[in-house]
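Novice: kindly return the folded structure for what I paste below:
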Amino acid sequence: MTDPATTPDFRCGYIAIVGRPNVGKSTLMNALIGAKVSITSRKAQTTRHRITGIQTTDDAQFVYVDTPGFQTRHSNALNKTLNRTVTNTLTASDVILFIIEAGTFGPADQQVLNLIPDSVPCILVINKSDRVKDKAVLLPFAQQVAAKHNFAAVVPVSAKLRFQLENLQGETKKYLPQNGPVFGADDITDRSEKFLAAEIVREKVFRFVGDELPYTSTVLIEKFEQEGDLRRVFAAILVERDTHKSMVIGQKGARLKDISSQARLDMERLFGGPVYLEIWVKVKSGWADNEAGLRAYGYE
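Specialist: Numbering: from 1, shown residues only. Next up, the predicted model:
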């Protein structure tokens, strides 16, 4: 890779990825940077934190910020905190990627679009375009949505199939300011391995337990140690009730075993070395009742 210091027109900037829940924001960011740093799940609203993914090329550094899906249905402390994260990210970004699902634009999409400031270049990204059987309807749909805002560009993509991602990257680069890189060339996120380990476990919890488990369930890494290439991770899954604890553990511990096994494999792929993982399930009532409690458990 060319040394950025010798590239006079090097570009670097922050790109906010926003949209309603479950349109594929995390999947898109992971595909763009080529590594899984933001968790994904069929369960909507899996992302709770602002996650940064970094991609560096010979002439640019893309700092993608994956935000929680903007919540309009409930106004509890958690959703207020998540929505504040979204709005703060929008105003601090150099470029915004507004993600919608191909063929679908509803009131929740419009509410997110209403938050996007006119002062920041915004690219309309139509994700899951591979699912549209009749491609003839994609163009009029794109034109209809594009008329709702002064978008800098419109790019249909499939994050899952990596379709049109180079084109999206090229359009994004046009609006990045001429700056030197903020992060190292090999960095893929600004989050610690401890944080990523917690997110991986949380993803597996939602994947194996499904819609039965409330969003307020979370994961706390109680100890994270490294000895050479080996990482020892001791995690606690925090739930609100004993019934939730039983859901996570499963019959004779089978579900917890699956969660632990799949989480360990993902950690080994991401960290590039062996992982020893132990997980407990604990009832911790009242921890998410207020914003102070949310901050204490790592929410921004």
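Novice: what secondary structure does Asp9 sit in?
Specialist: Classification of Asp9 using DSSP: H, G, I helix; E, B strand; the rest coil returns coil.
Novice: is it true that it touches Asp59?
Specialist: Yes: contact criterion Cβ atoms under 8 Å: Asp9 and Asp59 qualify, at 6.7 Å. The C-beta positions use only the backbone N, C-alpha and C, and glycine is treated the same way.
Novice: which of those two has more neighbours?
Specialist: Between Asp9 and Asp59, Asp59 has the larger neighbour count (other Cβ atoms under 10 Å), namely 15 against 7.
Novice: quick one: the more buried one from Val201, how far?
Specialist: 37 Å (Cβ to Cβ, to the nearest Å).
Novice: same question, Phe183
Specialist: 25 Å.
Novice: can you report how many residues neighbour Arg191?
Specialist: Arg191: 17 neighbours (other Cβ under 10 Å).
Novice: now do the contacts for it.
Specialist: Val37, Ile51, Thr52 (Cβ atoms under 8 Å, 6 or more residues apart in numbering).
Novice: neighbours of the nearest residue to Ser217 once chain neighbours are set aside, how many?
Specialist: The shortest distance from Ser217 to any non-neighbouring residue, by Cβ to Cβ, 6 or more residues apart in numbering, is to Val239 (4.8 Å). By the criterion of other Cβ under 10 Å, Val239 has 24 neighbours.
Novice: begin at 328 from now on, thanks
Specialist: Got it, the first residue is 328 from now on, which makes the last one we talked about Val566.
Novice: I'd say Val566 and Val575 touch.
Specialist: Yes: judged on Cβ under 8 Å, Val566 makes contact with Val575 at a distance of 6.4 Å.
Novice: low-confidence ranges, this protein, go.
Specialist: Scanning the chain with the threshold set as pLDDT under 70 gives 328-334, 366-377, 395-414, 538-543, 612-627.
Novice: what domains does the record give for it?
Specialist: 331-500, 520-623 (automatic domain parsing).
Novice: and the helices in the stretch 328-477 of the chain, which stretches?
Specialist: 352-360, 404-418, 434-440, 465-473 (DSSP state H, counting those that start in this stretch).
Novice: which one of these lies nearest to Val447?
Specialist: Between Val447 and the helices of the stretch 328-477 of the chain, the shortest gap by Cβ to Cβ is with helix 404-418, which sits at 6.9 Å.
Novice: sorry, back to before: mind putting the domains of the chain in JSON lines, distance to Asp514 included?
Specialist: Output for the domains of the chain, formatted as JSON lines (distance: least, Cβ to Cβ, whole Å):
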{"stretch": "domain 331-500", "distance to Asp514": "5"}
{"stretch": "domain 520-623", "distance to Asp514": "12"}
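Novice: which one of those is the most hemmed in?
Specialist: The highest mean neighbour count among the domains of the chain, using mean count of other Cβ atoms under 10 Å, belongs to domain 331-500: a mean of 18.
Novice: any idea how far Thr499 is from Ile426?
Specialist: According to Cβ to Cβ, Ile426 and Thr499 sit 13 Å apart.
Novice: all helices for the stretch 478-627 of the chain, in order.
Specialist: All helices of the stretch 478-627 of the chain, identified by DSSP H, counting those that start in this stretch, fall at 492-500, 520-536, 569-576, 581-598, 618-623.
Novice: tell me what the fourth one is packed against?
Specialist: This points to helix 581-598. If contacts are counted by 3 or more Cβ pairs under 8 Å, 6 or more residues apart in numbering; DSSP states H and E, helix 581-598 sits against helix 520-536, strand 557-566, helix 569-576, strand 602-610.
Novice: name the residues that touch stretch 433-451?
Specialist: 345-348, 397, 399, 413-414, 417-418, 420-425, 427, 469, 472-473, 475-482, 495, 498-499, 502.
Novice: dump the helices of the stretch 478-627 of the chain to a markdown table, plus distance to Lys609.
Specialist: A markdown table is the format used below for the helices of the stretch 478-627 of the chain (distance: least, Cβ to Cβ, whole Å):
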| stretch | distance to Lys609 |
| --- | --- |
| helix 492-500 | 40 |
| helix 520-536 | 13 |
| helix 569-576 | 8 |
| helix 581-598 | 12 |
| helix 618-623 | 15 |
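Novice: what's the closest non-adjacent residue to Arg458?
Specialist: Among residues not flanking Arg458 along the chain, Ala429 sits closest, at 6.3 Å (Cβ to Cβ, 6+ apart).
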